[in-house]
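Undergrad: Build me a model:
(chains A and B)
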Amino acid sequence: MAFALAPEPPVAEWLAELDGWLRGSAAFFAARPAVLDLAAVHLTGAAVAHLVAELKARGIRVLGLENIAAEKLVPGLPPLLSGGRTVEVADTAARATGEGAAKEAKRESSLIVDTPVRSGQTVFFPSGDVIVLGAIGSGAEIVAGGSIHVYGTLRGRAMAGTSGNANARIFCRRLEAELLAIDGYYRTAEDLDGNLRGRPIQAWLAGETLMLAPIE
Amino acid sequence: MGKVIVVTSGKGGVGKTTSTAALGAALARSGQNVVVVDFDVGLRNLDLVMGAERRVVFDLINVVQGTARLPQALIRDKRLETLYLLPASQTRDKDALTEDGVERVIAELRMRFDWVLCDSPAGIERGATLAMRFADEAVVVTNPEVSSVRDSDRIIGLLDSKTIRAESGERLEKHLLISRFDPARAARGEMLNIEDVLEILSIPLLGIIPESEEVLRASNLGAPITICGRESAPSLAYFEAARRLAGETIEIVYPGQKRGLFAKLFGRRAA
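TA: Below you'll find the predicted structure:
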């Protein structure tokens, strides 16, 4: 599972913003390859190669490119990918109704998902909180820049605070999670206290430790 | 215009082909025109379960590629005159299916039949996604055990994203068919309960098919369980499921749960 980075023009500003995120969670991308989604920018092949190099200098490995014309691919670039299964409301809004709408969507600070998130699906919302009115299936992922609220059973992975936000929290009605992470610090199901399973819990970050407690 | 229903699961071996044949025969028995289509190119099984393996001349790939016309490939069932089979090819594989070709074939089948039941292969790749692509409704077959349930959850996610209906914002109705249910094992905790499965998958329950040796017997004899073994428990459950698929409201009685005398005398609650 890879993260999608979607640069927006002007690219230099976007890179500066990325630097800000990375200051908060420098090692975040160390084990996570990224997919570069070029839908919102118009770059030449050489410019894309330069961007890939800039990301590499920041420790971000780009494993593939999306939404770029095949003719622009110069040798040495990561491969063109298709059929990505990420669910990103802001991105699809951009493609459907143009840049104006994209900027609107990005300013929204929370995403509400009112259907269950099925196994194999990813909800990726780096701009803010994600609220799910349903269950998260085993093998599904929620990746949020802000907090994650699950009004249902959390069976998959929840990764909050991915934009370097250590104050983000994770809430769920019933804990059956496979992995919880806040700002890059994570715990797998094995490391979660046995008597927290099946209960409503909240998780938060205390220093470098992920803390969990039941919600009464 | 007929209804296209995909019978899918994600996991292999849970009862898609058995269920496609059983539901198809049950619907045909009530006089409806039914075709069952095998989408498992290269590993075809529906022809065996339908007892038609010695009559296959042309198949789905031939029709998709235009080397045969649809009526040449359709095989009529010897026992039910409104039941037909469109077999898959055994010598090719799923790459021989094209989206345009499948669209054409499904459109033609829709015009000739009341029900088009598509037997999906296992997995989430091309064969499975093409089998579901043009469906109006889906029957998700699940065994009450953890791997099957997770794979079914995955498949439900694909039904909500990779079908024409989903892409155009329409609803694709999904029905859960729990198969190979053994109430004794569920009570011992060796199998998931019905409630557990429903809670995880959250789609309406179409029916519960109990585990039974009759199913294997019927498929070895080359007949759907609803034709050969008609009075058996799984067959009766399939007949009920077919009626629910056709819109009837029938209460689901969980196997192993006896309806109280009071309920039997006075209550036939709508489900």
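Undergrad: which stretches of chain B form strands?
TA: Here chain B has its strands, by DSSP state E, at B:3-8, B:34-38, B:75-76, B:83-86, B:115-119, B:137-142, B:173-181, B:205-210.
Undergrad: what's in contact with the longest one?
TA: Applying CB atoms under 8 Å, 6 or more residues apart in numbering or on different chains, the contact partners of strand B:173-181 are B:14-15, B:18-19, B:136-144, B:152, B:156, B:159, B:191, B:194, B:197-198, B:201, B:203-211, B:241, B:244-245, B:255. All C-beta spots, glycine's among them, are computed from the backbone N, C-alpha and C.
Undergrad: Please list only the buried members of those.
TA: When neighbours are counted using 16 or more other CB atoms under 10 Å in any protein chain shown, the contacts of strand B:173-181 contain these buried positions: B:14-15, B:18-19, B:136-144, B:152, B:156, B:159, B:191, B:194, B:197, B:201, B:203, B:205-211, B:241, B:244-245, B:255.
Undergrad: Give me the nearest residue to whichever residue of the stretch 51-200 of chain B sits closest to chain A, chain neighbours excluded.
TA: Per CB to the nearest CB, residue B:157 is where the stretch 51-200 of chain B lies closest to chain A, at 2.9 Å. Nearest non-adjacent residue to residue B:157, counting by CB to CB, 6 or more residues apart in numbering or on different chains: residue A:118, 2.9 Å away.
Undergrad: Residue B:126 too?
TA: The shortest distance from residue B:126 to any non-neighbouring residue, by CB to CB, 6+ apart, is to residue B:94 (4.9 Å).
Undergrad: That neighbour: how many residues sit nearby?
TA: Neighbour count of residue B:94, defined by other CB atoms under 10 Å in any protein chain shown: 22.
Undergrad: and what of residue A:50?
TA: Residue A:50, neighbours per other CB under 10 Å, totals 13.
Undergrad: helices and strands around the helix or strand it falls within, which ones?
TA: If you go by DSSP states H and E, residue A:50 is part of helix A:45-57. On a contact count with 3 or more CB pairs under 8 Å, 6 or more residues apart in numbering or on different chains; DSSP states H and E, helix A:45-57 meets helix A:11-24, strand A:34-37, strand A:62-66.
Undergrad: Can you list the buried residues in that helix?
TA: Residues A:45, A:48-49, A:51-52, A:55 are the ones in helix A:45-57 that count as buried (16+ other CB under 10 Å).
Undergrad: Tell me which residues touch residue 119, please.
TA: You didn't say which chain, so I picked chain A. A:137-140, A:156, B:150-151, B:153-154, B:157.
Undergrad: Switch to chain B, please.
TA: B:7, B:16-17, B:20, B:36-40, B:45-46, B:131.
Undergrad: same thing with residue A:175?
TA: Shown in contact with residue A:175 (CB under 8 Å, 6+ apart): A:154, A:192, A:196-201, A:212.
Undergrad: Do you know the pLDDT at the residue in chain A positioned nearest to chain B?
TA: Relative to chain B, the nearest point of chain A is residue A:118 (2.9 Å; CB to the nearest CB). Looking at residue A:118, its pLDDT stands at 96.
Undergrad: who's in contact with it?
TA: A:137, A:140, B:153-154, B:156-157, B:160.
Undergrad: Contact residues of chain A facing chain B?
TA: Proximity of chain A to chain B (CB under 8 Å from any CB of the partner chain) is limited to residues A:85, A:115-116, A:118-121, A:134-135, A:137-140, A:153, A:155.
Undergrad: now do 6 Å
TA: A:116, A:118-121, A:137-138 (CB under 6 Å from any CB of the partner chain).
Undergrad: would a markdown table of those residues with secondary structure be doable?
TA: What follows is these, written out as a markdown table (DSSP: H, G, I helix; E, B strand; the rest coil):
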| residue | secondary structure |
| --- | --- |
| A:116 | coil |
| A:118 | coil |
| A:119 | coil |
| A:120 | coil |
| A:121 | coil |
| A:137 | coil |
| A:138 | coil |
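Undergrad: farthest-separated two in these?
TA: The distance between the two most remote of these (CB to CB) is 12.4 Å, for A:116 and A:120.
Undergrad: And the pLDDT at the nearest residue to residue A:174 once chain neighbours are set aside?
TA: The shortest distance from residue A:174 to any non-neighbouring residue, by CB to CB, 6+ apart, is to residue A:153 (4.1 Å). Residue A:153 carries a pLDDT value of 96.
Undergrad: Would you indicate which residues of the helix or strand containing residue A:153 are buried?
TA: Following DSSP H and E, one finds residue A:153 within strand A:148-154. Applying a neighbour-count criterion of 16+ other CB under 10 Å, one finds A:148-150, A:152-154 buried in strand A:148-154.
Undergrad: just the helices in the stretch 151-271 of chain B please.
TA: B:164-167, B:183-187, B:194-201, B:213-220, B:233-245, B:261-266 (DSSP state H, counting those that start in this stretch).
Undergrad: Tell me which residues of stretch B:37-56 come out buried.
TA: B:37-42, B:44-53, B:56.
Undergrad: what about it, start to end distance?
TA: Its start and end residues considered, stretch B:37-56 measures 13 Å (CA to CA, to the nearest Å).
Undergrad: Quick one: residues in contact with that stretch.
TA: B:17, B:21, B:75, B:85-90, B:92-94, B:118-121, B:127, B:131, B:219, B:222-223 (CB atoms under 6 Å, 6 or more residues apart in numbering or on different chains).
Undergrad: So which residues on chain B come close to chain A?
TA: Within chain B, the residues that sit near chain A (CB under 6 Å from any CB) are B:150, B:153-154, B:156-157, B:202.
Undergrad: Return the members of those residues classed as buried.
TA: Buried positions within these, assessed by neighbour count (16+ other CB under 10 Å), are B:150, B:153-154, B:156-157, B:202.
Undergrad: Next, format those residues as JSON lines and append pLDDT.
TA: Compiled in JSON lines, those are given as follows (pLDDT from 0 to 100):
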{"residue": "B:150", "pLDDT": "97"}
{"residue": "B:153", "pLDDT": "97"}
{"residue": "B:154", "pLDDT": "97"}
{"residue": "B:156", "pLDDT": "97"}
{"residue": "B:157", "pLDDT": "96"}
{"residue": "B:202", "pLDDT": "95"}
